[in-house]
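K.L.:
pasting a predicted model and its sequence here:
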Amino acid sequence: MSEKGLLFVLSGPSGVGKGTVRRAVFEDENTNFSYSISMTTRTKRPGEEEGVDYYFRTKEEFELLIEKDELLEYAQFVDNYYGTPLEYVEKTLSEGQDVFLEIEVQGAMQVREKMPEAVFIFLTPPNLSELKNRIVGRGTETSDVVDKRMETAHHEIEMMKHYDYAVVNDEVELAVEKIKDIVRIEHMRTKWMYPKYRSMLDEIVE
């Protein structure tokens with residue numbers, strides 16, 4: 001019912017399963033999101049595709065976008081940049097389409113500063129031991145990188161207090177259902193519904 005689309009931001013510690021949950025949300029034919037694909041300077045992992053999972057860029061290309069202020073948010077994590085192109089998000093929201101971001105915690109805090117009206121969802125692991133098992137299970141990081149990710153995860157979980165919702169990713173199906181519930185609830189909130197009805201009432205009076 002909102003004339004402008006809603007921006008949903010999903011983030012959480014590395015290894016918590018953000019990508020898996022996001023893909024499962026989008027597989028539901030009843031969802032109606034535009035997914036804003038992030039940019040990154042990290043190496044492409046097996047099975048990942050350019051323009052599907054990420055836009056893969058060099059460090060020099062990414063830093064030029066930062067200089068030109070063409071990113072909604074960006075973060076540097078384990079020596080790699082991650083970021084969200086600003087133009088796509090603004091254009092899609094203005095057309096009345098919801099946008100879904102899957103980003104790192106550092107980036108989410110930047111979005112909160114620039115677009116505080118967004119809906120922020122923190123995806124958390126059942127516990128830190130399970131989180132470490134998931135990261136190690138990838139088989140893509142050295143022990144030093146795993147240690148860095150766990151150290152960062154401790155700090156990121158402290159940031160949960162700045163989010164609107166927290167969803168435990170114990171079972172993917174349950175986490176997905178909770179996120180879809182959040183979307184339904186947000187679309188019924190009066191701060192989105194009232195402006196449209198207020199304009200309708202004004203038209204009747206005129």
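P.N.:
Noted; the coordinates are in hand.
K.L.:
please count neighbours and contacts with C-alpha atoms only from this point.
P.N.:
Will do.
K.L.:
who's L7 bridged to?
P.N.:
Bridge pairing for L7 (DSSP bridges) gives the partners V99.
K.L.:
distance of it from V25?
P.N.:
Distance of L7 to V25, given as CA to CA, to the nearest Å: 15 Å.
K.L.:
G96 against N32, yeah?
P.N.:
No: using CA atoms under 8 Å, G96 is not in contact with N32; the gap is 11.1 Å.
K.L.:
quick one: the strands in the protein?
P.N.:
Taking DSSP state E as the criterion, the chain carries its strands at 7-11, 33-35, 39-40, 55-56, 71-77, 80-85, 98-102, 119-124, 165-168.
K.L.:
any chance of the ones you listed in JSON lines, with mean pLDDT and distance to R112 too?
P.N.:
Below are those laid out as JSON lines (pLDDT from 0 to 100; distance: least, CA to CA, whole Å):
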{"stretch": "strand 7-11", "mean pLDDT": "96", "distance to R112": "9"}
{"stretch": "strand 33-35", "mean pLDDT": "91", "distance to R112": "18"}
{"stretch": "strand 39-40", "mean pLDDT": "94", "distance to R112": "19"}
{"stretch": "strand 55-56", "mean pLDDT": "94", "distance to R112": "23"}
{"stretch": "strand 71-77", "mean pLDDT": "90", "distance to R112": "10"}
{"stretch": "strand 80-85", "mean pLDDT": "92", "distance to R112": "13"}
{"stretch": "strand 98-102", "mean pLDDT": "95", "distance to R112": "12"}
{"stretch": "strand 119-124", "mean pLDDT": "96", "distance to R112": "8"}
{"stretch": "strand 165-168", "mean pLDDT": "96", "distance to R112": "14"}
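K.L.:
now the ones you listed as a markdown table including mean neighbour count and distance to H154?
P.N.:
Output for those, formatted as a markdown table (neighbours: other CA atoms under 10 Å; distance: least, CA to CA, whole Å):
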| stretch | mean neighbour count | distance to H154 |
| --- | --- | --- |
| strand 7-11 | 24 | 14 |
| strand 33-35 | 18 | 28 |
| strand 39-40 | 22 | 23 |
| strand 55-56 | 18 | 27 |
| strand 71-77 | 20 | 14 |
| strand 80-85 | 20 | 19 |
| strand 98-102 | 21 | 19 |
| strand 119-124 | 23 | 11 |
| strand 165-168 | 18 | 16 |
